[in-house]
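model this:
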Amino acid sequence: LCIQWVKACAHAACWSEEVQLLQEEMWHTKQFLKYKAEWWEQHGELPGDVLVDSSIREGISAYADQQATLQHKLSNHFSSLW
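Below you'll find the model as predicted:
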């Protein structure tokens, strides 16, 4: 009976550590999504000295906005789940 109790305590400690690791991974995931959203927001505009057609410039900006929105939505969704 004593051996079973020791094993049960070891299993509980192991699962407790797993929960802590999972929470840490969840936090890192949310931070990464926020970082990527900010990255897309900063890189949505080409520098003025880059010569491209205005429609391409608009397309790049629209794509960056779309990606930033997606990253924000994922971060918010994960925050609501976790």
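
longest helix anywhere in the protein?
helix 2-42 (DSSP state H).

Where does residue 49 sit: helix, strand or coil?
Using DSSP: H, G, I helix; E, B strand; the rest coil, the structure places residue 49 in coil.

residues touching residue 79, list them.
residue 30 (CB atoms under 8 Å, 6 or more residues apart in numbering). Every C-beta, even on glycine, is put in place using the N, C-alpha and C of the backbone.

per-residue confidence for it?
The confidence metric pLDDT takes the value 91 at residue 79.

do residue 45 as well
pLDDT, residue 45: 85.

Over to residue 61?
The score at residue 61 is 93. That number is its pLDDT.

Near it, how many other residues are there?
Counted with other CB atoms under 10 Å, the neighbours of residue 61 add up to 14.

ok, now residue 68?
By the criterion of other CB under 10 Å, residue 68 has 19 neighbours.

same question, the one 5 residues further on
Using other CB under 10 Å, residue 73 has 12 neighbouring residues.

Kindly report the same for residue 22.
So residue 22, with other CB under 10 Å, has 11 neighbours.

What distance do you get for it to residue 28?
Distance, residue 22 to residue 28, by CB to CB, to the nearest Å: 11 Å.

Return the residues in contact with the residue nearest the centre of the chain.
Centroid check for the chain by CA atoms, centre = their mean gives residue 33 as the closest residue, at 2.9 Å. Contact analysis of residue 33 by CB under 8 Å, 6+ apart lists 71-72, 74-75, 78.

Let me see the contact set for the nearest residue to residue 36 once chain neighbours are set aside.
Nearest residue to residue 36, sequence neighbours excluded (CB to CB, 6 or more residues apart in numbering): residue 71, at 4.6 Å. Neighbour list for residue 71: 33-34, 36-37, 40 [criterion: CB under 8 Å, 6+ apart].
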